[in-house]
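S.K.: Just to be clear, the model below is a prediction. Sequence and coordinates:
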Amino acid sequence: MAIHETAAWAALKEHAASLQGAHLRDMMRDEDRCAALTAERDGILLDYSRQRVTNETMDMLFNLAEAADLAGKRAAMFTGEKINNTEGRAVMHAALRAPREATMNVDGKNVVPDVHSVLDKIEDFSARVRSGVFKGCTGKPLRNIVSIGIGGSYLGPEFVFEALKCEPAAQGASTGRTLRFLANVDPVDVSRAISGLNPEETLVVVVSKTFTTAETMLNARTMKDWLITSIKGKTAAEITSQHIVAVSTSDKLVQDFGVDAANIFGFWDWVGGRYSVCSAVSVLPIALHYGFDIARRFLDGAHDMDNHFLNEPPRQNIPVLMGLLGVWNSTFLGHGARALLPYSQALLRFAAHIQQVDMESNGKRVAQDGSVLPFDAGEIGFGEPGTNGQHSFYQLIHQGGVFPADFGGYCTSQCPVLLEGDPVPNHEEFMSNFFAQPDVLAYAKTAEELEKEGVPEWFRPHKVFTGNRPSLSLLFPKLDAFSCGQLLAIYEHRTAVQGFVWGLNSFDQWGVELGKKLATKVRTALSTARTSGGDVSEGFNPSTSTLMTYYLANGASKS
Ligand SMILES: O=P(O)(O)OC[C@H]1O[C@](O)(CO)[C@@H](O)[C@@H]1O
């Protein structure tokens, strides 16, 4: 039975209607309710008392999870069933962070030894590069890493890199080293990536699961050309073998590109692109830059959260709770977008990564069996670290439409500062906002209150806050490699929970294919027109032809 036909679904619809008049300001007065709407794991505290839910709502959401067979689908994921039915693939990113002694089967084969053999290879290679045993072809140490990749082969690694940049252990381990990312096929991104780098000290890591992605392959050719034309007195083969390595599932295409077989770090088709953060996709650049131990701690954190997700009952299970609340807010309360608001500057690329994990996974219009979903699945995710976001889009989330918000924060800072004579450490000033903002969203400021404060009548409507805007708060002890892994896994599993409940396939991404095909057609037409002077009116609609003609006439031939 489709999930929207179940009694659990109907009950939630009715319940949502009955809660329409309820206001968070009143709901927050119930201390027992507030105490019940929390969960804890390893010092991570989830407080979801500012969600527009009661204990009854949660029970009904747990019933919905049961009706959707959430537990069965989760077990199928962890046991290597081919739950990505449109691609015939297992979804086993949890195996990427499993300990050596674990057993996780795909097609009857334990994949954990393969995972650890690549991790061992990364540990060895990164140690040789970092110690200067593996050098550039002119004998210089390789201090700079440029990691080329896009989408799932870029956003996760960059999120992890930024999260650890100022973490004391990671910072110490990366002194004198540079890690940059090259994703966009815009040549400006190449220029930004290589600016100030000495090619003789630069190692390029080409990251592409398929090794066919147009953007990544052009950037890889561009970087190869940069290395070969800038390093003098060495052959192209010598330069390529010492300065380019690759992370991919396709050994053949990587070797055709000229990379030594010894310098390929593999992964497997049971790892989806946006779920590949714990494969060599991130582990290699992170280990090269911060050292392998830091990368291992990150994997351990993600594994810790896998265990929590797999074993904890729903009421204490952070990803399950967050996934069900996402379904509640979007499907039953009608809030199609949510804000990701980490109170940590180190998480400046968190929202971008989770946006991809969530929107590429659950942005679907059909159920797993191909039937059209009679509700909007997927949510828009957007965000910025606090307090920068407060001075940008918070106006809208306080007084415009309603956007449920995920607040994230840390009890201690990666870089504490206490100025002489200042009463509070800088981190506490920062975190005061983390505690204040959810209450501003939840509680109202009424016209009557404003009147009592002496605000003139004409001015009151502008200062009214309707409140009743849901949020949740995730408070971690500190941001280090381990907790960064936990955070990643919470959000990966949160997305899976939503997809499981909605009954769709969160692990394919057919929606990105058509654009790639059309871009290929445009590229061919532009190149033919530019080289042989033809026009671009054939095969395109009048609008696209006009735009392309204008582009060709205004500088394309020169750039
Ligand atoms: O790693 P690849 O094969 O270059 O693919 C890059 C990305 O492109 C996508 O296929 C589509 O955006 C992602 O799923 C993937 O992570």
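M.R.: Perfect, I can see it now.

S.K.: how about the residues of the chain near the ligand?
M.R.: Residues of the chain lying close to the ligand (CB under 6 Å from any ligand atom) are 150-153, 208-210, 213, 216, 273-274, 509, 512. From N, CA and C alone the C-beta is placed, and that goes for glycine too.

S.K.: Quickly check those residues for the two that are furthest apart.
M.R.: Spatially, the most separated pair among the residues of the chain next to the ligand is 216 and 509, at 15.8 Å (CB to CB).

S.K.: If you go by neighbour count, which of the residues of the chain next to the ligand are buried?
M.R.: Neighbour-count burial (16 or more other CB atoms under 10 Å) applied to the residues of the chain next to the ligand gives 150, 151, 152, 153, 208, 209, 213, 216, 273, 274, 509.

S.K.: taking the residues you listed one by one, which sit in strands?
M.R.: The members of these all map outside strands under DSSP state E.

S.K.: Can you flag which of those belong to helices?
M.R.: Among those, DSSP state H puts residue 216 in helices.

S.K.: Nearest to residue 534, out of the buried ones among the residues of the chain next to the ligand: which one, please.
M.R.: For those, the closest approach to residue 534 (CB to CB) belongs to residue 213, at 28.1 Å.

S.K.: Enumerate every residue touching the residue nearest to that closest one when sequence neighbours are not counted.
M.R.: Distances taken as CB to CB, 6 or more residues apart in numbering place residue 150 nearest to residue 213, at 6.1 Å, with adjacent residues excluded. Residues in contact with residue 150 (CB atoms under 8 Å, 6 or more residues apart in numbering) are 183, 184, 185, 213, 215, 216.

S.K.: If we use 10 Å, what do you get?
M.R.: For residue 150, the contacting residues are 181-185, 207-208, 213-216, 219, 273, by CB atoms under 10 Å, 6 or more residues apart in numbering.

S.K.: and residue 254, what is it in contact with?
M.R.: Residue 254 touches 206, 208, 211, 220, 244-248, 260-261, 263-266, counting by CB under 10 Å, 6+ apart.

S.K.: Now for residue 253, how many residues are close by?
M.R.: Residue 253 is flanked by 16 other residues according to other CB atoms under 10 Å.

S.K.: Which strand or helix spans it?
M.R.: Using DSSP states H and E, the element containing residue 253 is helix 251-256.

S.K.: tell me which of the contacts of residue 254 is nearest to the ligand?
M.R.: Among the contacts of residue 254, residue 208 lies closest to the ligand (CB to the nearest ligand atom), at 3.3 Å.

S.K.: ok so residue 40 is a helix residue?
M.R.: No - Residue 40: not assigned to a helix; according to DSSP: H, G, I helix; E, B strand; the rest coil it is strand.

S.K.: for the stretch 401-550 of the chain, what spans make up the strands?
M.R.: Remark: strands assigned in the stretch 401-550 of the chain by DSSP state E, counting those that start in this stretch are 405-410, 471-476.

S.K.: scratch that, the stretch 1-150 of the chain
M.R.: Under DSSP E, counting those that start in this stretch, the stretch 1-150 of the chain gives strands at 38-41, 44-47, 105-106, 109-110, 144-148.

S.K.: can you redo these as a markdown table with distance to residue 230, mean neighbour count and mean pLDDT?
M.R.: Compiled in a markdown table, the strands of the stretch 1-150 of the chain are given as follows (distance: least, CB to CB, whole Å; neighbours: other CB atoms under 10 Å; pLDDT from 0 to 100):
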| stretch | distance to residue 230 | mean neighbour count | mean pLDDT |
| --- | --- | --- | --- |
| strand 38-41 | 49 | 16 | 97 |
| strand 44-47 | 47 | 19 | 98 |
| strand 105-106 | 43 | 17 | 98 |
| strand 109-110 | 44 | 13 | 98 |
| strand 144-148 | 13 | 26 | 98 |
